[in-house]
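Undergrad: This is a predicted model, with the sequence first.
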Amino acid sequence: MMQKSSSSLEGRFHEAAALAEAGRHDQAHAVFAQCLVADPGNGEVAAALLANLAARTPRPSLPPGSPPPAAPPEAPLSLADRLARLAADPWNVPALVSLAAAAASEGHDEAALAYLAQAQQAAPEDSELDRLRAAALARLRRYDEALAAWRRVEARQPDTPEAAQAMARLVIAKSRDKAGLPGLVAPGSPRRPRRATSGSKIAVEIARRLPIGPPGYVPDPRLTPIQRLEVAIREFPARPELYAQIVPLYLEAGRDYDAEKLLTKGKEATDGDPLVQELWEDVMMLRLEKKLASAQQRIQTENTPQTQAELADLRQARDRLATETFVNRCKREPENFELRYQLGLRLRQAGKLREACARFTEALADAEQAGPAAYALGICLVEAKEVPEALKHFRLAAEAAARAGQFEVQKESLYQAGVVALRLKLFKLARRYLAELAKLDPNHRDAPALLQTAERHAT
């Protein structure tokens, strides 16, 4: 509890909790707000603050279908100001969403979830709140909860394919995480709204199509969800939305091979539909990553020329498929800079540093991708032994990530800038970067020890 806080801050938290328990809610709010301003990422404090306000001001009863209150005028408010306004109306959905967005932009997803939970109590049928919660939960790798949020969206809007697509991505991410594999495009990772990509175009196109089956079509209720979808696909094989619904169920059941086999047929049946194509690509990459992980484990106990050759072949197959996949995605979506960044990651994984650097450089043109791309470019340049140039890109990465609200990228970029500056014996620069990192996260990796080294040599 309050792990990031000092003992005095923890004492203030207990003081606020005691005031709330005694029914002195306004005083409790003032102390909780002080704690949260001091530690804005603490989800426990945010939840306690909101619970205190909810006890003081019970949720108003709204007629079913009532719209949420109008959004307050936009203003550059501090967290303290936002919390003061919230005290006047703790059930104001736009105000809570605004707090959640500000918290998420700083990487404080636990606090963001607390604000969104309060908003959902005020507007339990608002699907946009479930979408926001799903994104935050995915960033925290709480995939089951994120899936549950999307299932609520799907239940309210059964004709919207967005939920099925999102759940397919989440289950793939969950499968990779469970197998200890590196992630693909992280679900829910963007901190700000993104431009439309082919994914949203696909969703619009599917939404225009006829409902699944003819009017009055009802699947056999005796069948399991997977069986119902399998029957539907046999009857309507050209409908891509069916594949998006069944793939998550297959993957959750560990039936990766069945997912691959079905999607292989689905590509032909849907005439190369982009949604089915991308699902097939993701499942194929997942299966190859799992095979590669198994080969790496096997070589620990059976290190022979044969197992080494098998490992090398699988690594080449993985790199070839991943590179081809993202080359094709970049061709399909030439304006999507996130895909350029992802292609760069696969090229670096395949050892093609120059090509990777070119893709990362292209991704720098997009404000959302500039931080991660500059950081990845710095890593490539270190590997290519172009260390001074790497330092420049780590600095650029920290600045771009700060502007985009990418807290973790900002911290890691400052850390790498400090490490590289020390390596180049630029001790004052190293001290500057590491001191800035200390303000954001005093215990980031071995940064405190590195900062002491920099300070000792800089004086």
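TA: Yes, it's here. Numbers count the residues shown, from 1 in each chain.
Undergrad: Show me which positions of stretch 447-457 end up buried.
TA: 447, 450-451, 453-454 (16 or more other C-beta atoms under 10 Å). From N, CA and C alone the C-beta is placed, and that goes for glycine too.
Undergrad: Next: stretch 130-144.
TA: 130-139, 142-143.
Undergrad: got the contact list for that stretch?
TA: Stretch 130-144 is contacted by residues 97, 100, 104, 109-110, 112-113, 116-117, 120, 145-147, 149-150, 152-153, 166, 170-171, 173-174, 177, 186-189 when judged by C-beta atoms under 8 Å, 6 or more residues apart in numbering.
Undergrad: What about the buried residues of stretch 447-457, which are in strands?
TA: With strands defined by DSSP state E, no entry of the buried residues of stretch 447-457 lies inside them.
Undergrad: Report how many residues lie close to the closest residue to S105 other than its chain neighbours.
TA: Spatial nearest neighbour of S105, chain neighbours left out: G405 (3.2 Å); criterion: C-beta to C-beta, 6 or more residues apart in numbering. Using other C-beta atoms under 10 Å, G405 has 18 neighbouring residues.
Undergrad: swap in V420?
TA: Neighbour tally, V420, other C-beta under 10 Å: 25.
Undergrad: And for D109?
TA: D109, neighbours per other C-beta under 10 Å, totals 23.
Undergrad: Residue numbering should commence at 110 henceforth.
TA: New numbering, starting at 110: the last item is D218.
Undergrad: thought it was touching A212?
TA: Yes - with contact defined as C-beta atoms under 8 Å, D218 counts as touching A212 (7.3 Å).
Undergrad: Quick check: which element contains P357?
TA: Secondary structure from DSSP states H and E places P357 in helix 349-361.
Undergrad: by how many degrees do the next helix or strand after that helix and helix 349-361 diverge?
TA: As assigned by DSSP H and E, the chain's next helix or strand after helix 349-361 is helix 365-378. With axes from the mean of the first three to the mean of the last three C-alpha atoms, to 10 degrees applied, the angle from helix 365-378 to helix 349-361 works out at 170 degrees.
Undergrad: Not counting helix 365-378 itself, show me its contacts.
TA: So helix 365-378 is contacted by 284, 342, 346-347, 349, 352, 355-356, 359-360, 382, 385-386, 388-389, 392-393, 395-396, 399 (C-beta under 8 Å, 6+ apart).
Undergrad: Narrow these to those that are buried.
TA: 284, 342, 349, 352, 355-356, 359-360, 382, 385-386, 388-389, 392-393, 395-396, 399.
Undergrad: just how off-centre is stretch 127-143 within its chain?
TA: 34 Å (C-alpha atoms, centre = their mean, to the nearest Å).
Undergrad: For it, buried residues please.
TA: Neighbour-count burial for stretch 127-143 [16+ other C-beta under 10 Å]: 128-129, 133-134, 137-138, 140-143.
Undergrad: now, which of these lie within helices?
TA: Residues of the buried residues of stretch 127-143 located in helices (DSSP state H): 128-129, 134, 137-138, 140-143.
Undergrad: Throw those residues into TSV and include pLDDT and distance to L338, thanks.
TA: Formatted as TSV, these follow (pLDDT from 0 to 100; distance: C-beta to C-beta, whole Å):
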residue	pLDDT	distance to L338
L128	93	53
A129	91	48
H134	93	50
A137	92	50
H138	94	49
V140	93	53
F141	92	47
A142	93	49
Q143	92	52
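Undergrad: any idea which helix or strand comes after the helix or strand bottoming out on mean pLDDT in the chain?
TA: Within the chain, no helix or strand scores below helix 307-317, which has a mean of 33 by mean pLDDT, DSSP states H and E. Counting by DSSP H and E, the next helix or strand C-terminal to helix 307-317 is helix 334-344.
Undergrad: which strands and helices sit next to that next one?
TA: Other elements packing on helix 334-344 under the criterion 3 or more C-beta pairs under 8 Å, 6 or more residues apart in numbering; DSSP states H and E are helix 349-361.
Undergrad: tell me the angle the helix it packs on makes with helix 334-344.
TA: 150 degrees.
Undergrad: can you list contacts of helix 349-361?
TA: Outside helix 349-361, the residues touching it (C-beta under 8 Å, 6+ apart) are 256, 270, 273-274, 276-277, 279-281, 283-284, 311, 315, 318, 321, 334-335, 338-339, 341-342, 345, 365, 367-368, 371-372, 375, 379, 382, 384-385, 388, 392, 395.
Undergrad: Now do it, average pLDDT.
TA: Mean pLDDT, computed over helix 349-361, is 86.
Undergrad: what do you get for stretch 497-510?
TA: Taken as a whole, stretch 497-510 has an average pLDDT of 96.
Undergrad: Which residues belonging to that stretch are considered buried?
TA: In stretch 497-510, counting by 16+ other C-beta under 10 Å, buried: 499-510.
Undergrad: Tell me which of the contacts of stretch 239-253 fall in helices.
TA: 206, 209, 213, 218-219, 221-222, 225-226, 229, 254-256, 258-259, 261-262, 275, 279-280, 282-283, 286.
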